[in-house]
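Undergrad: Any chance you can model this:
(chains A and B)
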Protein chains: 2
Amino acid sequence: MKMTIPTIDDIRRAHERIEPFIHRTPVLTCRSLDDLLGARLFFKCENLQKVGAFKMRGATNAVELLTDAEAVRGVATHSSGNHAQALALAARNRGVPAYIVMPDNSPEIKKAAVAGYGAAITYCRPTLAAREEGLREVVARTGAHFVHPYNDARVIAGQGTAAVELLEEAEDLDLVLAPVGGGGLLSGTAIACRGLAPHTRVIGCEPAGADDAYRSFHSGTLTPVGNPTTIADGLRTSLGELTFAAIRRNVDEIVTVSEEAIVAAMRLVWERMKIVIEPSAAVPPAALWEKKIEAHGLRVGIILSGGNVDPARLPFA
Amino acid sequence: MKMTIPTIDDIRRAHERIEPFIHRTPVLTCRSLDDLLGARLFFKCENLQKVGAFKMRGATNAVELLTDAEAVRGVATHSSGNHAQALALAARNRGVPAYIVMPDNSPEIKKAAVAGYGAAITYCRPTLAAREEGLREVVARTGAHFVHPYNDARVIAGQGTAAVELLEEAEDLDLVLAPVGGGGLLSGTAIACRGLAPHTRVIGCEPAGADDAYRSFHSGTLTPVGNPTTIADGLRTSLGELTFAAIRRNVDEIVTVSEEAIVAAMRLVWERMKIVIEPSAAVPPAALWEKKIEAHGLRVGIILSGGNVDPARLPFA
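TA: Numbers count the residues shown, from 1 in each chain, chains lettered A, B, ... in the order given. So this is what the prediction gives:
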């Protein structure tokens, strides 16, 4: 695990490295949302990325950076979410094994997706301790290389490539908004913007019920949240040391949003833009909807982080 | 109403004419759907078009082609669907009135959308006779210009521009698939392919419960369906004389699909591609899913026609 904050050059090189393995996702605009939210919005659609989330970028960069000697023994992580699928597919693309430790109560659809990419799954009890213990056992047994979902410079550099593409297609952005959970996406986004568009302000958007990044950013001390409660399941994790350092140095502001605003924004994006987003992806538009950000008349880029949600169980159905 | 089949040059000029008013929608690919359906698929996402459907193209072309003297009195149509919204927005873009005759039992969300674009709505009883009578009254009173939803060369030429963009981005397609209801989209698509990619075969896809195009195409006689029964509400209309003539001359084949296949394909596209499509748009992928088309190993373009569906009322929820 590389523990130095990546640079804009790391992100540039990551972009060249991962391009053959990812979608260049579209940047969509929507006049009716512009009118409703009072700004000119550019949505970078990582919900349309492979595995349905930006996680494919960071996982691919980490896997492709391994030496052949490292890669041959495979990669491992513990995750019940998008990082597990992303690492499984990135490993398959490189032709090496992936070992995923998943809580045994993970949704069947996620188990099936990870298995479908050819990963070996080890089930564990649904606690962080059991997950970490399961991972240690797998790594000890296989010699696989652990890829952390966010607190890793290679992963952060990969996640920053979405902002590189956004800035190429939407010029002169005043603001760029990204959700913040573990902080990999926000870190990479902010480093990319500092390097390529220094006048663009970067704002992290977080559920009020999982506001560790907000509290850490404003207190200056890493402050994990013990019991996050939010529908935005991808944002329940807390910052790591590396992402906290990257965010302190590169992010301009962090704001929080209510659960009601997340659901309202999710519905708005589905209905007006005709794309499927998961609750975590609705957090930045929720911040505009709830007027937590002064954006009137501005050009605003928004990273839509993912689309992995069961359409049969929508919070607004 | 111009009743001559449009040419590829009409479509080219339509494309230049409407470009300032439409989205250039993305062409998306999805490896997991390729694997499932056994072909290389290129989805032209008109569900992400303005008003959520390809109808914006034809309506805009028709409105922009009016002389100032014609346009000043406005445009009119009867519709409860996507054409109403498209004509309302096209008229607003030109700065002229739109008069829409809608059945009084239309969904509130559609009434609100049409009103939101500034159109004047006249409600009528939900019968074709009442709609046509309502339209005659409106036209007599206002002098507005009637724009038919599909049986009009200007509209057909506009709808063909989606295929122009698809062929620019996805080269060497073996097949292009489009749904068929009134036939405007299929006619325009087929004329565009004949003109730009003569070796690409064009196949119309239709619900078995509304199979007038299938029957007309194979019998050689225009055969409307009296009582269409399909979840694909956009495809319940029957061909007109002009679209029938265009389809006979330019389309290679028409196939029909079951209701079960439409729902299954709709779910697949939502889950794998993370985009919202309406049942009508699922009809071409349903034809692949049901193996009504021999596409193994081929490069297949698919026009996803629209995304106007209430996410809270999904047939697979």
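Undergrad: how about the residues of the stretch 1-150 of chain A near chain B?
TA: The interface of the stretch 1-150 of chain A toward chain B, taken as Cβ under 8 Å from any Cβ of the partner chain, is made up of A:23, A:26, A:28-29, A:31-32, A:47-48, A:50, A:52, A:116. Where you see a C-beta, it was placed from the backbone N, CA and C, and this is true even at glycine.
Undergrad: quick one: residue A:199 and chain B, what's the gap?
TA: Going from residue A:199 to chain B by Cβ to the nearest Cβ, to the nearest Å gives 28 Å.
Undergrad: you'd agree that residue is in a helix?
TA: No. When the secondary structure is assigned by DSSP: H, G, I helix; E, B strand; the rest coil, residue A:199 falls in coil instead of a helix.
Undergrad: Now the closest residue to residue A:217 other than its chain neighbours: which helix or strand?
TA: In this structure, residue A:217 finds its nearest non-sequential neighbour in residue A:254, 4.7 Å apart by Cβ to Cβ, 6 or more residues apart in numbering or on different chains. In this structure, residue A:254 is located in strand A:253-257 according to DSSP states H and E.
Undergrad: Can you get me a residue count around the closest residue to residue A:54 other than its chain neighbours?
TA: Distances taken as Cβ to Cβ, 6+ apart place residue A:46 nearest to residue A:54, at 3.9 Å, with adjacent residues excluded. Counted by other Cβ atoms under 10 Å in any protein chain shown, the residues lying close to residue A:46 total 31.
Undergrad: Touching, residue A:46 and residue A:302? I think so.
TA: No. Under the criterion of Cβ atoms under 8 Å, residue A:46 is not in contact with residue A:302, lying 10.3 Å apart.
Undergrad: Just the element for residue A:176, please.
TA: strand A:175-179.
Undergrad: circling back: elements contacting the strand holding residue A:254?
TA: Under the contact definition 3 or more Cβ pairs under 8 Å, 6 or more residues apart in numbering or on different chains; DSSP states H and E, strand A:253-257 sits against strand A:201-207, helix A:212-219, helix A:283-289.
Undergrad: Identify the farthest-apart pair in the residues of the stretch 1-150 of chain A next to chain B.
TA: Taking Cβ to Cβ as the measure, those reach their widest spread between A:31 and A:116, a distance of 37.8 Å.
Undergrad: distance of residue A:28 from residue A:48?
TA: From residue A:28 across to residue A:48, the span is 9 Å (Cβ to Cβ, to the nearest Å).
Undergrad: Looking at the residues of the stretch 1-150 of chain A next to chain B, which is nearest residue B:166?
TA: Minimum distance to residue B:166 across the residues of the stretch 1-150 of chain A next to chain B is 14.5 Å, recorded for residue A:26 (Cβ to Cβ).
Undergrad: Now do the contacts for the closest residue to that closest one other than its chain neighbours.
TA: Setting aside the residues directly before and after it, residue A:26 is nearest to residue B:26 in space (Cβ to Cβ, 6+ apart), at 4.0 Å. Neighbour list for residue B:26: A:26, A:28, B:45, B:48 [criterion: Cβ atoms under 8 Å, 6 or more residues apart in numbering or on different chains].
Undergrad: swap the cut-off to 10 Å and go again
TA: Residues near residue B:26 by Cβ atoms under 10 Å, 6 or more residues apart in numbering or on different chains: A:23-28, A:45, A:48, B:43-45, B:48, B:165, B:169, B:275.
Undergrad: go on, residue A:46?
TA: Contacts for residue A:46 (Cβ under 10 Å, 6+ apart) come out as A:22-23, A:25, A:52-57, A:82, A:159, A:162, A:165-166, A:178, A:185, A:277, A:281, A:303-307, B:274.
Undergrad: can you rerun that using 7 Å?
TA: Listed by Cβ atoms under 7 Å, 6 or more residues apart in numbering or on different chains, the contact partners of residue A:46 are A:25, A:53-54, A:162, A:303-306.
Undergrad: Tell me which stretches of chain A form helices.
TA: Chain-ordered helices for chain A, with DSSP state H as the definition, fall at A:8-18, A:31-37, A:55-65, A:68-71, A:82-94, A:108-116, A:128-142, A:153-159, A:161-169, A:184-196, A:212-219, A:241-250, A:259-273, A:283-289.
Undergrad: Quick one: closest of the ones you listed to residue A:230.
TA: Distances from residue A:230 to each of these were compared using Cβ to Cβ; the shortest belongs to helix A:259-273, at 6.4 Å.
Undergrad: how distant is that closest one from the center of its chain?
TA: For helix A:259-273, the separation from the chain centroid amounts to 19 Å (computed by Cα atoms, centre = their mean, to the nearest Å).
Undergrad: mind listing what's buried in that helix?
TA: Under the neighbour-count criterion of 16 or more other Cβ atoms under 10 Å in any protein chain shown, helix A:259-273 has A:259, A:261-271, A:273 buried.
Undergrad: what's the angle from it to strand A:175-179?
TA: Using axes from the mean of the first three to the mean of the last three Cα atoms, to 10 degrees, the inter-axis angle of helix A:259-273 relative to strand A:175-179 is 110 degrees.
Undergrad: packing partners for helix A:259-273?
TA: Under the contact criterion of 3 or more Cβ pairs under 7 Å, 6 or more residues apart in numbering or on different chains; DSSP states H and E, the helices and strands touching helix A:259-273 comprise helix A:31-37, helix A:283-289.
Undergrad: Quickly, which of the ones you listed bottoms out on average pLDDT?
TA: Confidence, taken as mean pLDDT, is least for helix A:31-37 of the helices and strands packed on helix A:259-273 (a mean of 95).
Undergrad: Packing partners of it?
TA: Of the remaining helices and strands, those touching helix A:31-37 by 3+ Cβ pairs under 7 Å, 6+ apart are strand A:40-45, helix A:259-273.
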